[in-house]
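*Asks:* sequence plus the predicted model coming up.
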2 protein chains.
Amino acid sequence: MIKLKHLLVLCRHLTIYTVEKGEVFISKGSTKKQLFFVRRGMVRSYHMNDSSEDITFQLFPEYHIFGNLHSVVFDKPSEFYYEAIERTKVYTIDYDHLFDILLKNPNTSVIHRKFISKRVFHQAFNRVQGFVFLSPEERYQKYVKDFPNVVGRAPDKYIANVLGITPVSLSRIRNRIATKVNGAKVK
Amino acid sequence: MIKLKHLLVLCRHLTIYTVEKGEVFISKGSTKKQLFFVRRGMVRSYHMNDSSEDITFQLFPEYHIFGNLHSVVFDKPSEFYYEAIERTKVYTIDYDHLFDILLKNPNTSVIHRKFISKRVFHQAFNRVQGFVFLSPEERYQKYVKDFPNVVGRAPDKYIANVLGITPVSLSRIRNRIATKVNGAKVK
DNA sequence: TCCATTTCTTATCTTTTGTTAATGTATTTA
DNA sequence: TAAATACATTAACAAAAGATAAGAAATGGA
């Protein structure tokens, strides 16, 4: 059980701010261990190729948590950029600071455990299951179900990357699904 | 720093045993929260399709840890089977028991954190990165590099599943790579 | 509102993958 | 040892995906 008073301990240490579309929260190479909670807007993490083409790794809409995973978990510089793709409002806290609080308030270790294992791990584990057990088409359908507030909103090219396919292929998949549903395609 | 005395606390609670090839450690539906350390042999986790065809999710050779993830992390019954694909020797401990020990020995929380975040999460996160950034062929090459003691040993059909492709496709990829390396293929 | 840019779709072609089945090769088991 | 089983490879075909480019639609700024 997470109790209100433990949440209050955390809230006092949160910083709140808003950034414009295109602004970057975390750059490649950063070792800052920060966690962010998206209160409004959307963020994408992406990887920059040698040939200067970026591939989106994940999309974070409202009420999702992101952070410099490479630093927080692996103690390495970030390999990703994290940028707002809309005007975005976040709550942020330094991870080491958070960890101090958790250590000083043993009861909050429940929050820590829940955070690390449930949220972040669950995401990664579920994605792997999708790649192993589902076809690209099924993976897209599952993504629509799991993230209905991302689909018509973030550019499809980002979603395609997240699903491990090309934007062109995603467009065809969407077409294929529409054709199936409507019997014949509606122009 | 993990200290010897903390490891000793854990060791006293480990159970050691060996099973034959084909025997099952964890069945689908199990809610037992157990962790296993593979001392010798190899284990595979797999998912049973409705049409009674199984898909391998992961392979665990020596010195790898596995457990009923669905139960330990999500408090749900296991959706996977975990079976020995060789004669396998494991060290095992009940997860709740382990957690008790960790709580009573605050210094061991380092072990806990390292275990959950580093090992298990690292695996999942790395796999997702592979699916998003690499082609099936590159994914296979990375797997060979990361698990040299699995490749010539576990059946290729299992490895193919882990990589999210069919066994036939993996065979073609291997052929393609061999042809590239040798200039012409060696029969 | 209009222009420029970005994004999505569509088309063409090539490559890869899935599917199914046959063949060859080990490995097991009786 | 012989037969049976499991596995890997290969082939043939269909389906899907990647790459590239061109056109349509949407978006964003001036």
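*Replies:* Happy to help now that I have it. Residues are numbered from 1 along each chain as shown, chains lettered A, B, ... in the order given.
*Asks:* show me where chain A dips below the pLDDT cut-off.
*Replies:* A:1-3, A:6-7, A:51-52, A:103, A:105-117, A:181-187 (pLDDT under 70).
*Asks:* the longest helix out of those in chain A vs chain B: in contact?
*Replies:* For chain A, the longest helix by residue count, based on DSSP state H, is helix A:167-182. No - counting by Cβ under 8 Å from any Cβ of the partner chain, chain B is not contacted by helix A:167-182; separation bottoms out at 13.4 Å. In short, each C-beta sits where N, CA and C put it, glycine included.
*Asks:* just the CA atoms of that helix, as PDB, please.
*Replies:* What follows is helix A:167-182 as a C-alpha-only set of coordinates in PDB (Å, rounded to 0.1, in the frame of the first residue of the first chain):
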ATOM      1  CA  PRO A 167       6.700   4.400 -41.800                       C
ATOM      2  CA  VAL A 168       5.800   3.100 -45.300                       C
ATOM      3  CA  SER A 169       5.100  -0.300 -44.000                       C
ATOM      4  CA  LEU A 170       2.900   1.100 -41.200                       C
ATOM      5  CA  SER A 171       0.900   3.000 -43.700                       C
ATOM      6  CA  ARG A 172       0.300  -0.200 -45.600                       C
ATOM      7  CA  ILE A 173      -0.700  -2.100 -42.500                       C
ATOM      8  CA  ARG A 174      -3.200   0.600 -41.700                       C
ATOM      9  CA  ASN A 175      -4.600   0.300 -45.200                       C
ATOM     10  CA  ARG A 176      -4.800  -3.500 -44.900                       C
ATOM     11  CA  ILE A 177      -6.700  -3.300 -41.600                       C
ATOM     12  CA  ALA A 178      -9.100  -0.700 -43.000                       C
ATOM     13  CA  THR A 179      -9.800  -2.900 -46.000                       C
ATOM     14  CA  LYS A 180     -10.400  -5.900 -43.800                       C
ATOM     15  CA  VAL A 181     -12.800  -4.000 -41.500                       C
ATOM     16  CA  ASN A 182     -14.800  -2.300 -44.200                       C
END
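*Asks:* and that helix, what does it pack onto?
*Replies:* Judged by 3 or more Cβ pairs under 8 Å, 6 or more residues apart in numbering or on different chains; DSSP states H and E, helix A:167-182 is in contact with helix A:136-146, helix A:156-163.
*Asks:* please name every helix or strand in contact with the last one.
*Replies:* Packing partners of helix A:156-163 (3+ Cβ pairs under 8 Å, 6+ apart): strand A:54-60, helix A:136-146, helix A:167-182.
*Asks:* pull out the buried positions in that helix.
*Replies:* Neighbour counts over helix A:156-163 (16 or more other Cβ atoms under 10 Å in any protein chain shown) mark A:158-163 as buried.
*Asks:* what of the longest one?
*Replies:* Within helix A:136-146, the residues that count as buried by 16+ other Cβ under 10 Å are A:136-137, A:139-140, A:142-143.
*Asks:* got TSV for the helices and strands packed on helix A:156-163, with distance to residue B:154 too?
*Replies:* What follows is those, written out as TSV (distance: least, Cβ to Cβ, whole Å):
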stretch	distance to residue B:154
strand A:54-60	29
helix A:136-146	25
helix A:167-182	31
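*Asks:* and the two most separated of the buried residues of helix A:156-163?
*Replies:* Greatest spacing in the buried residues of helix A:156-163, by Cβ to Cβ: A:158 and A:163 (9.9 Å).
*Asks:* let me have the helices and strands packed on helix A:167-182 in CSV, adding distance to DNA strand C as columns.
*Replies:* Listed next are the helices and strands packed on helix A:167-182 as CSV, based on distance: least, Cβ to the nearest atom of the strand, whole Å:
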stretch, distance to DNA strand C
helix A:136-146, 9
helix A:156-163, 3
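*Asks:* residue A:75: neighbour count?
*Replies:* Look at residue A:75: counted by other Cβ atoms under 10 Å in any protein chain shown, it has 10 neighbours.
*Asks:* typed the wrong thing, it's residue A:24
*Replies:* 13.
*Asks:* same check on residue A:21?
*Replies:* Neighbour count of residue A:21, defined by other Cβ under 10 Å: 12.
*Asks:* just to revisit the earlier point, what's the closest of the buried residues of helix A:136-146 to DNA strand D?
*Replies:* residue A:136 (3.4 Å; Cβ to the nearest atom of the strand).
*Asks:* isn't the closest one up against residue A:160?
*Replies:* No - in this structure residue A:136 lies outside contact range of residue A:160 using Cβ atoms under 8 Å: 9.3 Å.
*Asks:* now the common contact residues for those two.
*Replies:* Residues touching both residue A:136 and residue A:160 by Cβ atoms under 8 Å, 6 or more residues apart in numbering or on different chains: residue A:169.
*Asks:* coming back round to it: out of the helices and strands packed on helix A:167-182, nearest to residue A:92?
*Replies:* So among those, helix A:156-163 is nearest, using Cβ to Cβ, at 22.4 Å.
*Asks:* which residues does the closest one contact?
*Replies:* So helix A:156-163 is in contact with A:44, A:46, A:55-59, A:85, A:136, A:139-140, A:143, A:150-151, A:166-167, A:169-171, A:174, B:132, going by Cβ under 8 Å, 6+ apart.
*Asks:* cool, thanks, signing off.
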